[in-house]
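Student: Predicted model and sequence below, questions to follow.
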Amino acid sequence: MTKVLVTGACGQLGTELTSRLRSIYGVDNVIASDISDPNQEIAEGPFEHINVLDKDAMADTIRKHGITEVYHLAALLSAKAEQNILPAWKLNVDSLLNILELAKEKNLDKIFWPSSIAVFGPDAPSKNTPQNTALNPTTVYGISKMAGEQWCAYYHRNFGVDVRSLRYPGLIGYKSLPGGGTTDYAVDIHYKAIAGEPFSCFLDKGSYLPMMYMDDAIKATIQLMQAEESKIEIRTSYNLSAISFAPEEIAAEIQNHLPDFEIAYEPDYRQKIADSWPDSIDDTPAREQWGWNHDYDLKSMVTDILANLPRQLAKNP
Ligand code: SER
């Protein structure tokens, strides 16, 4: 029987992944955990307040609930990490090592850990960045993800830990707000548009970045975790791709629905982070090895968000 623990369950990805996992495995079989308080939806199922840096508390929770799989999502994202160098390194890397050690000691069935397009730096080709290329990240977040990928491969190679990972592009959803990412402008822009306010974008025109609608990200995560073990040939982390666009392109798409919407460009320190990342990603191994395929393009994503966000805001103002 599968018993899942999700860390960082109150975050942007955690909120949606937890509810999807609960619909697959049953509410009582998915334990959400976070250092923050849960929202109403997360609190409808089992929840534990845990600091992922506290290995003993993690071990207790795993024992108490008979956990077999962990989705370890707790992390500091790119922009926040630049402003909190040592705490970001500690949270992003030490907590992963805690989970990998616990997986080894307690023989856990599977671990999921998110990596990111941030592992790439200026030495990687920026268009259609391949799976295997120069990894010379220039951000704290990117360095932590690159190191984490190597730790995942190490624990798989030496101890047989079945840890699986995806290099997520910027994830765009409307059900919960992100915090501290460089790609997050593409979430905030919808909130301003719905409120009828102009949007000040912290990235400049022409800043192409790889992006993905949250529904696709959840689909990819479940697909990877349910794939037969023999299909998972990459044990660092898989490139994963869906859409690539620049701020003016998503603004134009929003204007197709809301013609009065206005955007202004006021790039800040996050521009440098965006400039160091790829424009688009080649994810051929994910498509060939375990059948990944995305559903949403820019148009269908924006249409879906603008149709659903007002209802979501009415539910959780
Ligand atoms: N979306 C993340 C960020 O911007 C990248 O993984 O930090």
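Tutor: Alright, I've got the coordinates.

Student: near the ligand, which residues of the chain?
Tutor: Neighbours of the ligand within the chain, by Cβ under 6 Å from any ligand atom: L77, S78, S116, I117, A118, Y141, Y168, G170, G181, T182, T183. Bear in mind the C-beta positions are built from the backbone N, C-alpha and C, glycine included.

Student: is it possible to export those residues to TSV including neighbour count?
Tutor: Conversion of the residues of the chain next to the ligand to TSV gives the following (neighbours: other Cβ atoms under 10 Å):
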residue	neighbour count
L77	21
S78	29
S116	31
I117	27
A118	28
Y141	26
Y168	23
G170	26
G181	23
T182	28
T183	28
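
Student: can you redo those as TSV with secondary structure and pLDDT?
Tutor: Output for those, formatted as TSV (DSSP: H, G, I helix; E, B strand; the rest coil; pLDDT from 0 to 100):
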residue	secondary structure	pLDDT
L77	coil	96
S78	helix	96
S116	strand	98
I117	helix	98
A118	helix	98
Y141	helix	98
Y168	strand	98
G170	strand	97
G181	coil	95
T182	coil	96
T183	coil	96
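
Student: If you count neighbours, what's buried in the helix or strand bottoming out on mean pLDDT in the chain?
Tutor: Scoring the helices and strands of the chain by mean pLDDT, DSSP states H and E places helix 40-43 at the bottom, with a mean of 92. With burial defined by 16 or more other Cβ atoms under 10 Å, the residues of helix 40-43 counted as buried are E41, I42.

Student: Tell me the strands beside the helix or strand following that helix, with direction?
Tutor: Of the helices and strands lying after helix 40-43 in sequence (DSSP states H and E), the nearest is strand 47-49. Here strand 47-49 has these sheet partners by DSSP bridges: strand 30-34 (parallel).

Student: which residues sit against the partner strand?
Tutor: Residues outside strand 30-34 that contact it (Cβ atoms under 8 Å, 6 or more residues apart in numbering): 3-11, 14, 18, 21-22, 38, 42, 45-50, 61, 65, 67, 74.

Student: now do stretch 197-209
Tutor: Residues contacting stretch 197-209 (Cβ under 8 Å, 6+ apart): 117, 169-170, 182-183, 185, 188-189, 192-193, 244-248, 251, 261-268, 270-271, 274-275, 277-280.

Student: ok, now which ones touch the residue lying farthest from the centre of the chain?
Tutor: Distance from the centre of the chain peaks at D260, with 31.6 Å (Cα atoms, centre = their mean). Counting by Cβ under 8 Å, 6+ apart, D260 makes contact with G196.

Student: Tell me the secondary structure at whichever residue of the stretch 201-317 of the chain sits closest to the ligand.
Tutor: Closest contact between the stretch 201-317 of the chain and the ligand, by Cβ to the nearest ligand atom, is at I273 (7.4 Å). Three-state call for I273 (DSSP: H, G, I helix; E, B strand; the rest coil): helix.

Student: measure the nearest residue to P122 once chain neighbours are set aside to L306 for me?
Tutor: Nearest residue to P122, sequence neighbours excluded (Cβ to Cβ, 6 or more residues apart in numbering): S276, at 5.5 Å. From S276 across to L306, the span is 31 Å (Cβ to Cβ, to the nearest Å).

Student: Who has more neighbours out of the two?
Tutor: S276 (21 against 18; other Cβ atoms under 10 Å).
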